[in-house]
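> just to be clear, the model below is a prediction. Sequence and coordinates:
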Amino acid sequence: MASDYDDGKGEIPLSVCIITKNDRKRLERLISTFEKVPVEIVIEDTGSDDGTVEMLKTVKKKRNITDIYYMWDNDFAAAKNHCFKAAKNNLILSIDSDECPGKDGAVDAADAYKMLMDGKFQPPEKLEKELRKIAKAGEEYFNLKAVGLVKRINFYMEENEIAENVEMLPRVFDRRVVEYKGCIHEQLLTKDGKNPPKRIATELSFFHDGYMGTKEECEAKAYRNIKLLKKMLEDSGENDSYLFYQLGKSFYSIGDFESSVENFEEVLERDVDPKLTYVQDCIVTYGYALLNTRRNENIRAAIQLLNLEEFFDDDSDFYFLMGHILRENGLFDKAIEYFIKATKAKHEKTKGTSSYLSFYNIGVILEVTGNKKEALKYYRTCGKYEPARIRVGKLEGENG
């Protein structure tokens, strides 16, 4: 067993654990980002037939990689916990193969995604520095049953444009006191099934492009998830609000907004804490699901979400949502008020809601209500955002 103490030299007493299946190219990308970082990597394959196994046989000859096999049984938690047992260190960083260390400095979602595609990742010296910092705090993770939070930047397509949102996910932990539970959308819990009592912020940041597959790939993944989630709900006696939330998200991802609404309402009808991260995401996505059903009664009902504003701490995503809801209900002045509130908010999960996306939507409202001169000002505030640049070109052309 490796020492839990990091002396700043040699291999970092922390293991990077990855499970994968048929994701060879992205796994190679992830491995390459750790090429110059002295840390153990444990990779668990769950049945690949795309050349992943053969690639690992070649790569492991060049660096410290342990590769193992797990017979897939539709249980992500079991697969991950099995992977952690193969590590030589107790302190674990859990990563998915469709993630890789992200680099700062992007001006918008499209620019950040281009960085990923161009192979511009976090410098290895910065990654090593943060991993050593985490390793030095190893005793705290054990004694306090703590988990370390990493920032994950998710790329996805929204109305034919690249968009991104940010999640803070628990990914660092001591395997002796914390483990995954749940066959899908697994949660890190203490060994006795409780939420870890302490969360530690880290400086780790990861790009995630798992939602950027083809329509067929994304739908196949969603239907697989729905099947597993329904089975878990059945086993739980349909009494798990988090599972209903994940079902709502899965249905939303394939455009089944009616089913999405039904499952989100199952969450919100229960006694849940509206300040929990997943509940707040549920509320925001529920609002968009109501709008996307295009049913007048749902669009009108969405205004009631204003009553939950007190639970959102200066959150641009919530204000941005309410701007859309108010606009769809014809309350244009009030909608502009909320888009402006979004630009002044301190917290942003979805890139652009506190800046160019809100300015653009203000411009749209002003343009359709006849105030083209003022709309042009807001479009110009959007920087390189392409839809705004198109509107600027059109309006400037009209003005001669």
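Good, I have the coordinates.

> all helices of the stretch 201-350 of the chain, in order?
Ranges of helices in the stretch 201-350 of the chain, per DSSP state H, counting those that start in this stretch, are 215-235, 241-253, 257-268, 277-292, 296-301, 316-328, 332-343.

> please state the offset of the shortest one from the chain centre?
Looking back up the chat, that one is helix 296-301. Between the centre of helix 296-301 and the centre of its chain there are 28 Å (CA atoms, centre = their mean, to the nearest Å).

> show me the contact partners of it.
With CB atoms under 8 Å, 6 or more residues apart in numbering as the test, helix 296-301 has contacts from 261, 290, 291, 325, 328, 329. Any C-beta I mention is one placed from the backbone N, CA and C, and that applies to glycine too.

> ok, now the third one?
Residues external to helix 257-268 that are found in contact with it (CB under 8 Å, 6+ apart): 241, 244-245, 247-249, 251-252, 279, 282-283, 285-286, 289-290, 292-293, 298.

> one more: the fourth one?
Under the criterion CB under 8 Å, 6+ apart, residues 168, 241-242, 245, 248-249, 252, 255, 257, 260-261, 264-265, 267-268, 272-274, 298-299, 301-302, 305, 308, 311-312, 315, 317-318, 321-322, 324-325, 328 lie in contact with helix 277-292.

> break the protein down into its domains, please.
Domain assignment of the chain by automatic domain parsing yields the ranges 12-208, 215-398.

> what average pLDDT does the last one get?
Put plainly, it is domain 215-398. The average pLDDT for domain 215-398 rounds to 94.

> so where is the stretch 51-200 of the chain shaky, pLDDT-wise?
183-184 (pLDDT under 70).

> what is the helix or strand hosting residue 392 packed up against?
Counting by DSSP states H and E, the element that carries residue 392 is helix 386-398. Packed against helix 386-398 by the contact rule (3 or more CB pairs under 8 Å, 6 or more residues apart in numbering; DSSP states H and E) you find helix 356-368, helix 372-380.

> quick one: buried residues of that helix?
By neighbour count on 16 or more other CB atoms under 10 Å, the buried set for helix 386-398 is 387, 388, 391, 392, 395.

> all strands for the stretch 51-200 of the chain, in order.
With DSSP state E, counting those that start in this stretch as the criterion, the stretch 51-200 of the chain has strands at 65-69, 91-96, 99-101, 146-158, 161-174, 178-181, 187-190, 198-208.

> contact partners for residue 38?
Per CB under 8 Å, 6+ apart, neighbours of residue 38: 10, 11, 12, 64, 128.

> farthest pair within those?
Farthest-apart pair in the contacts of residue 38 is 64 and 128; separation 13.6 Å (CB to CB).

> tell me the contacts of the nearest residue to residue 211 once chain neighbours are set aside?
Leaving aside its chain neighbours, residue 211 sits nearest to residue 156 (4.2 Å; criterion: CB to CB, 6 or more residues apart in numbering). Taking CB under 8 Å, 6+ apart, we find residue 156 in contact with 162, 163, 164, 165, 211, 212.

> and for residue 364, nearest residue in space, chain neighbours not counted?
Among residues not flanking residue 364 along the chain, residue 375 sits closest, at 7.4 Å (CB to CB, 6+ apart).

> the one you found and residue 361 touch, don't they?
No - Residue 375 is beyond contact range of residue 361, at 10.7 Å (criterion: CB atoms under 8 Å).

> now the common contact residues for those two.
What both residue 375 and residue 361 touch, as defined by CB under 8 Å, 6+ apart, is an empty set.

> coming back round to it: what's the burial count for the residue nearest to residue 364?
When neighbours are defined as other CB atoms under 10 Å, residue 375 has 22 of them.

> picking that back up, report the buried members of the contacts of helix 257-268.
Applying 16+ other CB under 10 Å to the contacts of helix 257-268 flags 241, 244-245, 247-249, 251-252, 279, 282-283, 285-286, 289-290, 292, 298 as buried.

> about what we covered before: hmm, which two among the contacts of helix 296-301 are most spread apart?
261 and 329 (17.2 Å).

> with neighbour numbers in mind, choose between those two.
Taking other CB under 10 Å, residue 261 and residue 329 do not tie; residue 261 has more neighbours (22 against 16).

> what distance do you get for the more buried one to residue 12?
Distance, residue 261 to residue 12, by CB to CB, to the nearest Å: 46 Å.
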